[in-house]
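Q: got a predicted model here, sequence first, then my questions.
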Amino acid sequence: MISIRKKAIFLLVLNAGGYSLLNVAVRLMDKGFQPFTQVYLRILIATLVGIFVFRKQLRWKKIKTTPLSDWIILFIMGVVGFALMISFITLGALEAKLLNVSVIYSTVVFFSYLYSIWVLKSKPDARVLFFVGIALWGVASLSTGSLLPILGGFGRGEFYVLLSAAAGAWYYVGRKMLSEHLNTSEISIITMLIATLSAFIIAMIFGERLNKDAIFHVQALAGLAIGGVVVVLSTFIENFSFKHLPAVLGSQILLLENVFSVFFGFVLYKEILSLPQIIGAVTVIVSVYLMNKVSE
């Protein structure tokens, strides 16, 4: 009989593959939907599926009595940590290589650490700050394809992904700031609802309109299905797995997303990396790994 620990590890490995598929879903949806439109559609699908899957955990009367301080944090998590995060990474996935996207987004842990020092008044650790600097060099090398990065060579897609990581970190910091009033399922659904509305408003501001013909486009619909399902499943998997595994081990397993991204990038899009880009990618991944060990 398979132990709960092994199940948790296996599910996190699948989750890592799912995260890399999200970037494939972005490119599939681009066949029929504009960038910000596909963002709110994916989050909307994930929200509806999430409400159905987690309906027994949702206490609507409890949600109505949520303190104002929590609502402010939930708003920041939904708008910045979710809607803007997905919007930026969507723009990045359309222009950057899949591995670049997954590696650069892994710097979200560094942004989370820096925000924790600023907002949560955490005590800074010189070793972690060192890894932050090394990781930023790795990101620059990966993005410019040079061991001596030049700012002008930094790709627009890579810059979008870095902004996504900076925005996404607010979700994790906000989660630590919330009271115990709401459970995990309620927090997930509320932030997704806020993110859906925010992404819709962003799409309207940029003049995007829903392309009705896209509902007959097989690739676009496949991307929508993948995007919605992966978001919901990843929430369930992480809630289950991190309950039965040390946080550091779980984080290391999720770094396998980079391996899956190399595979999907080569098989689906013939993406090949130069030696400086490989060195940059490995530098970032090792820096994230070492930071997690230090944090442990």
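A: Alright, I've got the coordinates.

Q: and F88, how close does it get to D70?
A: The gap separating F88 from D70 is 25 Å, by C-beta to C-beta, to the nearest Å. All C-beta atoms are positioned from the backbone trio N, CA, C, and that covers glycine.

Q: so which of the two has more stuff around it?
A: F88 (23 against 18; other C-beta atoms under 10 Å).

Q: in the stretch 1-150 of the chain, where is pLDDT below threshold?
A: 149-150 (pLDDT under 70).

Q: swap that for the stretch 151-296 of the chain, sorry
A: For the stretch 151-296 of the chain, applying pLDDT under 70 flags the ranges 151-153, 239, 242, 246-249, 251, 295-296.

Q: how about the helices in it?
A: 156-177, 184-205, 218-244, 247-254, 257-269, 275-295 (DSSP state H, counting those that start in this stretch).

Q: nearest to L44, of the ones you listed?
A: L44 lies closest to helix 184-205 among those, at 4.8 Å (C-beta to C-beta).

Q: can you list contacts of the closest one?
A: Contacts to helix 184-205, defined as C-beta atoms under 8 Å, 6 or more residues apart in numbering, come from residues 34, 36-37, 39-40, 43-44, 46-47, 50-51, 54, 57-59, 62-63, 74-75, 77-79, 81-84, 86-87, 171, 175, 178, 182, 231, 235, 239.

Q: same thing but 6 Å
A: With C-beta atoms under 6 Å, 6 or more residues apart in numbering as the test, helix 184-205 has contacts from 36-37, 39-40, 43-44, 47, 50-51, 54, 57-58, 63, 74, 77-79, 82-83, 235, 239.

Q: now which of these would you call buried?
A: 36-37, 39-40, 43-44, 47, 50, 54, 58, 74, 77-79, 82-83, 235 (16 or more other C-beta atoms under 10 Å).

Q: next, count neighbours for G207.
A: 8.

Q: from F36, how far out is it?
A: Applying C-beta to C-beta, one obtains 10 Å for the distance of G207 from F36.

Q: do the same with A165
A: A165 is 19 Å from F36, by C-beta to C-beta.

Q: do the same with A199
A: 6 Å.

Q: touching, A8 and E238? I think so.
A: No. The pair A8 / E238 is not scored as a contact, 9.9 Å apart, by C-beta atoms under 6 Å.

Q: give me the more crowded residue out of these two.
A: A8 (21 against 17).

Q: could you check the angle the helix or strand hosting the more buried one makes with helix 156-177?
A: Taking DSSP states H and E as the definition, A8 sits inside helix 4-29. Compare the direction of helix 4-29 with that of helix 156-177 by axes from the mean of the first three to the mean of the last three C-alpha atoms, to 10 degrees and you get 140 degrees.

Q: which strands and helices sit next to helix 4-29?
A: Where contact means 3 or more C-beta pairs under 6 Å, 6 or more residues apart in numbering; DSSP states H and E, helix 4-29 is packed against helix 85-95, helix 98-105, helix 218-244, helix 247-254, helix 257-269.

Q: what helix or strand does the residue nearest to F154 when sequence neighbours are not counted sit in?
A: Using C-beta to C-beta, 6 or more residues apart in numbering and skipping the chain neighbours, the partner closest in space to F154 is S143 (5.0 Å). According to DSSP H and E, S143 maps onto helix 126-144.

Q: could I get the buried residue list for that helix?
A: 128, 131-132, 134-144.

Q: between those, which is nearest L273?
A: Nearest member of these to L273, counting by C-beta to C-beta, is L142, at 8.3 Å.

Q: report the contact partners of the closest one.
A: Taking C-beta under 6 Å, 6+ apart, one finds N100, V103, Q277, G280, A281 in contact with L142.

Q: for the residues you listed, give me CSV that also has distance to L21 and neighbour count.
A: Below are the contacts of L142 laid out as CSV (distance: C-beta to C-beta, whole Å; neighbours: other C-beta atoms under 10 Å):
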residue, distance to L21, neighbour count
N100, 16, 27
V103, 16, 31
Q277, 22, 22
G280, 23, 28
A281, 19, 25
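
Q: let me know the closest of these to A225.
A: For these, the nearest to A225 is N100 (25.0 Å; C-beta to C-beta).

Q: list the contacts of that closest one.
A: By C-beta under 6 Å, 6+ apart, the contact list for N100 reads L142, E158.

Q: about what we covered before: tabulate the contacts of L142 (JSON lines), appending distance to E186.
A: Output for these, formatted as JSON lines (distance: C-beta to C-beta, whole Å):
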{"residue": "N100", "distance to E186": "35"}
{"residue": "V103", "distance to E186": "33"}
{"residue": "Q277", "distance to E186": "42"}
{"residue": "G280", "distance to E186": "40"}
{"residue": "A281", "distance to E186": "37"}
